[in-house]
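# the following comprises the amino acid sequence and a computationally predicted model.
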Number of protein chains: 4
Amino acid sequence: MKKVKTAVVGASGYTGQELLRILLRHAGVELVCATSRQYAGQRVSDLFPRFRHVPGADLCFTDSDVAAIAATGAEAAFLALPHGVSAAYGRGLVEAGIRVIDLSADFRLNDPAVYEEFYGKPHPDVELMQEAVYGMPEWHRAEIEKARIVGSPGCYPTSIILPLVPLLKAGLLLPDDIVVNSGSGVSGAGRKADVQYHFCECNESMRAYSVPRHRHLSEIEQELSAAAGRKLTITFTPHLMPVNTGILTTTVAKLAPGTTLEQMTECYEKAYAHCPFVRLLGPGKPADTKHVTRTNFVDIGWAVDSRTNRAVLMSAEDNVIKGAGGQGVHAFNIMFGFDEAEGLWLI
Amino acid sequence: MKKVKTAVVGASGYTGQELLRILLRHAGVELVCATSRQYAGQRVSDLFPRFRHVPGADLCFTDSDVAAIAATGAEAAFLALPHGVSAAYGRGLVEAGIRVIDLSADFRLNDPAVYEEFYGKPHPDVELMQEAVYGMPEWHRAEIEKARIVGSPGCYPTSIILPLVPLLKAGLLLPDDIVVNSGSGVSGAGRKADVQYHFCECNESMRAYSVPRHRHLSEIEQELSAAAGRKLTITFTPHLMPVNTGILTTTVAKLAPGTTLEQMTECYEKAYAHCPFVRLLGPGKPADTKHVTRTNFVDIGWAVDSRTNRAVLMSAEDNVIKGAGGQGVHAFNIMFGFDEAEGLWLI
Amino acid sequence: MKKVKTAVVGASGYTGQELLRILLRHAGVELVCATSRQYAGQRVSDLFPRFRHVPGADLCFTDSDVAAIAATGAEAAFLALPHGVSAAYGRGLVEAGIRVIDLSADFRLNDPAVYEEFYGKPHPDVELMQEAVYGMPEWHRAEIEKARIVGSPGCYPTSIILPLVPLLKAGLLLPDDIVVNSGSGVSGAGRKADVQYHFCECNESMRAYSVPRHRHLSEIEQELSAAAGRKLTITFTPHLMPVNTGILTTTVAKLAPGTTLEQMTECYEKAYAHCPFVRLLGPGKPADTKHVTRTNFVDIGWAVDSRTNRAVLMSAEDNVIKGAGGQGVHAFNIMFGFDEAEGLWLI
Amino acid sequence: MKKVKTAVVGASGYTGQELLRILLRHAGVELVCATSRQYAGQRVSDLFPRFRHVPGADLCFTDSDVAAIAATGAEAAFLALPHGVSAAYGRGLVEAGIRVIDLSADFRLNDPAVYEEFYGKPHPDVELMQEAVYGMPEWHRAEIEKARIVGSPGCYPTSIILPLVPLLKAGLLLPDDIVVNSGSGVSGAGRKADVQYHFCECNESMRAYSVPRHRHLSEIEQELSAAAGRKLTITFTPHLMPVNTGILTTTVAKLAPGTTLEQMTECYEKAYAHCPFVRLLGPGKPADTKHVTRTNFVDIGWAVDSRTNRAVLMSAEDNVIKGAGGQGVHAFNIMFGFDEAEGLWLI
């Protein structure tokens, strides 16, 4: 198999760790560069002792700028940087001919006004933002194939968009009555020293946060509006749950008049028949994070609450894999002509 | 302080354990009887080693029928039995002049048809069911005071009814657009041998269950309908979360036209000014189960999602205390003339 | 009951939190001062929302020096400060006539050379260090009663000293072959922002640390040597375990020739017959942290490994209660003439 | 790559699950049979939803006897059965020409008297037990290569034998003063309905069990005695710790006179230079289960306690992989001529 020279920029967080976990075992990847300002000079396997002895993991972190990354001969670059930092790398890498998969929120939106509303300042490179493709393989495969730069979807958005899009496209739901609750593992908060993520502050605890306007609403509503064919808004409440990884999302939405459970089932089966990482659990089957953690799968179950004429959609994924690194590698596989599941049969 | 002779019937589950934890330290209680078919003959402190050395905990479980309970001189009886089993004890105990606080679902509903719809068979003692008082001290104090038998509210219902009732009574919410998500600690499933509650099946896991029609909907809608002044139905999705105890509830509801955050705040402050165990966190403040576990408090925060004109209500409680044993003791205190917080300043 | 005016110095850590939890509900305490440099001006119940609505918890943290503490009229002061910081307060408080219970390691040792060996610098107030009493009620009750200053035992030491002292005093063990393994909940590391105590770094993890010479060895060997009647050294390996609180200690020691299981049992029963917080589980019974967390109990089980002629001692306690705040309050009760269990029947 | 037709007998427990996880992704395996009496007729991916969509996981469990297994054309069989059940399959499979890797304790011991002492009854097939090879690749590679039947080492024994054997062989430790403490994740107790493994009974809990004579002592002492060149006994205390998987072992042993830390380091480096799954952390470095869970690695650190002249050895592994299924596949790779790490670069 051909090997694509690949760089990971900002590789020392939890997303970087999972991305490296996948890339180190990916038959089509030659890892040429892993950057980390904080850990430059240390080996990947020193920061992440889980990787010791694994072929390739003795690579050292570097503190590389765009030129240094380009000098490694990288053909692809994953950016696992904080929101706002990726934008600065995007332009330079793309102009150096490196195809970019950005895991931050910097290249997910089309509308600069929405970016500014949710991120509090103008986007620094509107042109590139508008060129970038929303990297959800199930719905944007053709654009991803040709993209110079992909904005890989957020963790919550992935778990929310996938169950809703087919139903909205098919007109089975009323678009104005969507209420979403999600819980995320603590890895979603990042690998940082902060007393609120201390073990004793998270263990035996469950709490909502970012109420009522989490930033991910911007990309969620962008994709759902496109599916519904008109602008919609939703109510979304994220929660912190005491697990390392995993997102569980419960979506409740009013059914369009006459929608049946059977129609929902058919709609899903048709939409995701050829998607290896979407697993349809069937009607009445709740998703469980423990079956998807450390995999690239998203599990989706659905039910009809006939008492209130609402659909209940239940989805589960791993926030740092399907919701981050795994989905990014999925896009990479499409961009570089690999089998789309290459390196992603993680179980 | 006077001592009320008190029996606990079905004392060997997680609810029984918490109830005993409170009663053993309650200055107005003389524990005369704790029953358990399975553990009859064993000391309370043998089954629950946490209680060893605590004055009173050397009491032995008995396998007592109504007559045997009455023979202990009990003036009060808590029933911590499975749903469907309590009904059989209720009539006999009440007729023996023992005031009953039932923690099961058997005496919470007024309407026999609703009971049958949700519990799958006719209620065995409709008359007593209709006499019984719904034991939520914040809203039924006067009836509790005189009751012969109290149906103590369920764990989920408590966390859902308390944040909604004031707003519905005040007409601040539209009653037809209420969506509730809750998570419960595993103690809510009871202390039983079942592989689905094995540590490895619950740890690092989050999942919905009983979708779309959990039995607790019956009492929730009964109380909310009474507050709204007309019949309403809600969508409620319970989840199992990987903690021992705690319930976190997120309730989303459409605001009545013109409702403001300030009105919500005022409404709560007025409704719960004299309720020692309802803690109002204030606007924009999420509740966190870790601040209420092992206490009789329920914490409530609230927010307005102005993008969708919805209220987001966030509540947390301990499922086996405020949601079971503690709330039962609160009712007991009212019934027997104690300070309502007696024995309940658990922190 | 009389009320002793009491100050807590350094009240914003996990030990401070547990100490406040006990003192707020202690019938003989009037809390006059809780200090915290970092949180001065905030209410205790703001930092620890668990305490909201609890009588007394609206006290504000202050940034008080010795004079300001004395000006509150305090008769007793608990110091829940980091090691090395307490010493600076001790002298001033004692000279102001305030009786001190220090929960740090500053006043636990008798020998200044040992202090310097283990803590890396000379003790700043050797005279006061040598006056201070080792605050273990089970073995130093008479001295505690009259003490001006008590050095309350460390968390690990409490769980190690209590099972060993009776057997060493009775000559049932050989003093030169003692190997101790302990695990502690993450609260033992303190409430601080440090990535190594991030939820994801501790959850699903178990690891040793401070190998081979943890500082607590100094006080452990001091007390064990006193019991054995001659200097001894032990091997002690502490571990971090993924729970909030709790210490589990397994101690293995060579039996003196001829020692039987029955002798061990008798020895324990005699030694701890009048100690309300030492619970003897009996021969062959392992201790379990879940039965002692949030209580002031230490549970002790024991066995004989006849294949190797060793004793296996198993002890469990809550590191922040019996191993810190609860043991401190126990000493306080003795110092001020309360029933020794006052405020400590925590279950 | 050639494909070996492989059966898994007793595939529905936690060990079976991990074994299947590895075999489903192993390039040299064709899974022809997975047996489970309880789940016969269900697909592997129904019982273990984690495996849905994974190529091969739609295989159905069967309730097969030896003849039925042989009829599948299986060349290799893994037995993941309870202790005592494997023995009944061993003889038949071997005589059918199927090479057996048994993960139970039935084929690990050489001495029938030791078997009877620890397992309470005579071994049903002493001849085959004595033919069987102890399947630890690091120390028995040549015998494994030719074996008809391998007794794969137990989880605790693996974590204990690997750090001790090189030092004992080199004479760096005194063989009569070895004290071992281990903690295991709850998966070690098996996937069974038993209230003692209920989430609420294990979470926030740590406890010893099987004190003082766990059955695994028999194989541990067999291998250590062989390394030391004479019979030795040890004290071993296993604990249950609140994680899904992982074993952490802390071994303390008296150093032979004159042994230095440097000698220990050299001894380890020499012993394990060519062992891909033994990772030497170096002197003073504690092992952490979180770096080995879900991998086939065992991590080993070591220190010298110069105050007591003891070695402290710290080892971590995944109990169901390196301690069970992974080690079994490692032996399988050797038996069938694959690269020994084939399918085992799990990270």
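It's in.
# now do the same end-to-end measure for stretch A:294-313.
One end of stretch A:294-313 sits 22 Å from the other (C-alpha to C-alpha, to the nearest Å).
# before we move on, what about stretch A:80-97?
First-to-last residue span, stretch A:80-97, C-alpha to C-alpha: 19 Å.
# list the contacts of that stretch.
With C-beta atoms under 8 Å, 6 or more residues apart in numbering or on different chains as the test, stretch A:80-97 has contacts from A:8-11, A:13, A:15-16, A:19, A:66-67, A:69-70, A:75, A:77, A:79, A:100, A:102-107, A:119, A:123-125, A:128-129, A:132, A:148-149, A:190, A:215, A:324-325. To be clear about C-beta, it is placed using only N, CA and C from the backbone, and glycine gets the same treatment.
# buried ones in it?
Across stretch A:80-97, burial judged by 16 or more other C-beta atoms under 10 Å in any protein chain shown covers A:80, A:81, A:86, A:87, A:89, A:90, A:91, A:93, A:94.
# returning to that earlier point: in helices, which of the contacts of stretch A:80-97 fall?
Assigned to helices by DSSP state H, the following of those qualify: A:15, A:16, A:19, A:66, A:67, A:69, A:70, A:119, A:128, A:129.
# which residues in chain A form strands?
Secondary structure of chain A (DSSP state E): strands at A:4-9, A:29-35, A:61-62, A:76-79, A:99-102, A:133-134, A:149-151, A:173-184, A:207-208, A:235-240, A:247-255, A:278-283, A:298-305, A:310-317.
# mind putting these into a markdown table with distance to chain D?
Below are those laid out as a markdown table (distance: least, C-beta to the nearest C-beta, whole Å):
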| stretch | distance to chain D |
| --- | --- |
| strand A:4-9 | 15 |
| strand A:29-35 | 14 |
| strand A:61-62 | 18 |
| strand A:76-79 | 18 |
| strand A:99-102 | 21 |
| strand A:133-134 | 24 |
| strand A:149-151 | 24 |
| strand A:173-184 | 17 |
| strand A:207-208 | 18 |
| strand A:235-240 | 18 |
| strand A:247-255 | 14 |
| strand A:278-283 | 5 |
| strand A:298-305 | 7 |
| strand A:310-317 | 10 |
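# of these, which approaches chain C most closely?
Nearest of the strands of chain A to chain C, taken as C-beta to the nearest C-beta: strand A:235-240 at 9.2 Å.
# mind listing what the closest one pairs with, with the direction of each?
strand A:173-184 (parallel), strand A:207-208 (antiparallel) (DSSP bridges).
# about what we covered before: possible to save the buried residues of stretch A:80-97 as a markdown table with pLDDT?
Formatted as a markdown table, those follow (pLDDT from 0 to 100):
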| residue | pLDDT |
| --- | --- |
| A:80 | 96 |
| A:81 | 94 |
| A:86 | 93 |
| A:87 | 91 |
| A:89 | 96 |
| A:90 | 96 |
| A:91 | 95 |
| A:93 | 98 |
| A:94 | 98 |
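# if we can go back for a sec, among the contacts of stretch A:80-97, which ones are buried?
Buried among the contacts of stretch A:80-97 by 16+ other C-beta under 10 Å: A:8-11, A:13, A:15-16, A:19, A:66, A:69-70, A:75, A:77, A:79, A:100, A:102-107, A:119, A:123, A:125, A:128-129, A:132, A:148-149, A:215, A:324-325.
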